[in-house]
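Trainee: need a 3D model of the sequence below.
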Amino acid sequence: MIDKLIRAVLLLIGLLWFAGCGFIQSPSVPPQMVGTTSLNNFDFDGKPTQIQVQGVPERVIVARPEILDALLALHAENYICAAYITRDKVEQIPELQKKMPKAVFYTSEMDRETALMMHPDFILGWRMSFRKGALGDTAFWRERNIPVYIEENSGPVPAVDPFPPSTVETEMRFIQNMGQLFQKEEEANGIVRNIQSALDEGIAKAREAPARRVITIEFMRDKIEVFGDKLLSGDIIRKLGSTNIQFDTPFISREELRMCGADTLFIVYHGNEQEGANALAQIQVPEFSDIPAVKNSRVFLLPYRNVCASHVYTAQTIREISNGLYFY
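Mentor: Numbering: from 1, shown residues only. Below you'll find the predicted structure:
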């Protein structure tokens, strides 16, 4: 009887020992479960914050189609559970659905309740994505341990808001941060190298041409917005050796535009090519015919997506501005 009891105890000890060895020798934890990523960001009001993300998020809400473009370029689409697609891009949804069969696409901005139903573990958006009536204040999500990231250069006006200037460097930082977060550093580094290459090429070409006096504007319903030194287009123009015509306020009158004396003029527009043509038509009127840029046909269009949170389009933006400054 005692022998049987001893054998049973020894057998139990052996099983426990093998189980322990099996646990120690089990396959390594998948990469998406390892490590914490720390990213510097800011809240809706511009206050600096630090985001802590455990592992790679697997249920990401993308609150802007432009950010979706960035994640597609990084091959990080499999981590997306929901994305907002603006109505001018609705025709892209069938193709996107093939790439992301598990994702849900919305053609209206997601509100807080809709986002909560998706059970996200990370949210990416523009600053205005977190306004009241949309996803709401970033604090709401952080209180629920759901990290949120406001894309750099995504809408605040540094001239009037407590945000740092929008620069090429912050565009590159966003790409690098996303590469780090989704373990796509190689893809991110390739995009950043392309941006730096475009900038280096533009700077080299600028040395061979005279500096320009530039104004970059957007025609709005009843006012004209100026994109000066503190916005991305202005940063690129300065880096390429030209000067932005500055004003004390972000909006100017038609008379101030008429008298600005710019020899090069960029017009920012939203939407498709027809919207661009409509924007161009607003400068091609007798009222503005004496502006040197208009008189000498040095007026160029810039899509809004290329000057606000441009990330993967930044190299293209640099080349477009460089060509406008020095090749026409």
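Trainee: make it CA atoms for all contacts and neighbour counts henceforth
Mentor: Noted.
Trainee: so what touches stretch 220-227?
Mentor: 215-219, 233-234, 247, 250-254 (C-alpha atoms under 8 Å, 6 or more residues apart in numbering).
Trainee: send me it as PDB with only the CA atoms.
Mentor: Output in PDB follows, covering the C-alpha atoms of stretch 220-227 (Å, rounded to 0.1, in the frame of the first residue of the first chain):
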ATOM      1  CA  MET A 220     -13.400  80.000 -48.900                       C
ATOM      2  CA  ARG A 221     -17.100  81.100 -49.100                       C
ATOM      3  CA  ASP A 222     -16.600  84.600 -47.900                       C
ATOM      4  CA  LYS A 223     -12.900  84.900 -47.100                       C
ATOM      5  CA  ILE A 224      -9.500  83.900 -48.200                       C
ATOM      6  CA  GLU A 225      -7.200  81.800 -46.000                       C
ATOM      7  CA  VAL A 226      -3.400  82.300 -46.200                       C
ATOM      8  CA  PHE A 227      -1.100  79.300 -45.700                       C
END
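Trainee: what comes up buried for that stretch?
Mentor: Within stretch 220-227, the residues scored as buried using 16 or more other C-alpha atoms under 10 Å are Ile224, Glu225, Val226, Phe227.
Trainee: any idea how far that stretch is from the chain center?
Mentor: Centroid separation for stretch 220-227 versus its chain: 23 Å, with C-alpha atoms, centre = their mean, to the nearest Å.
Trainee: likewise for stretch 171-179?
Mentor: 9 Å.
Trainee: same check on stretch 73-82?
Mentor: For stretch 73-82 - counting by C-alpha atoms, centre = their mean - the centre lies 14 Å from the chain centre.
Trainee: quick one: end-to-end length of it, please.
Mentor: This stretch, stretch 73-82, spans 17 Å end to end (C-alpha to C-alpha, to the nearest Å).
Trainee: what's next to it, contact-wise?
Mentor: Outside stretch 73-82, the residues touching it (C-alpha under 8 Å, 6+ apart) are 57-62, 68, 71, 99-100, 102-106, 118, 120, 179, 182, 184, 187-188, 312.
Trainee: now it: buried residues?
Mentor: Result for stretch 73-82 [16+ other C-alpha under 10 Å]: buried residues Leu74, Ala76, Glu77, Asn78, Tyr79, Ile80, Cys81, Ala82.
Trainee: what is the neighbour count of the closest residue to Ala206 other than its chain neighbours?
Mentor: The shortest distance from Ala206 to any non-neighbouring residue, by C-alpha to C-alpha, 6 or more residues apart in numbering, is to Leu240 (5.9 Å). The tally of other residues near Leu240 (other C-alpha atoms under 10 Å) stands at 25.
Trainee: can you tell me the SS state at Arg193?
Mentor: helix (DSSP: H, G, I helix; E, B strand; the rest coil).
Trainee: measure it to Glu185 for me?
Mentor: With C-alpha to C-alpha as the criterion, Arg193 and Glu185 are 12 Å apart.
Trainee: ditto for Ile195
Mentor: The gap separating Ile195 from Glu185 is 15 Å, by C-alpha to C-alpha.
Trainee: those two: who's more crowded?
Mentor: Ile195 (25 against 17).
Trainee: does the more buried one touch Ser310 like I think?
Mentor: No: the pair Ile195 / Ser310 is not scored as a contact, 10.9 Å apart, by C-alpha atoms under 8 Å.
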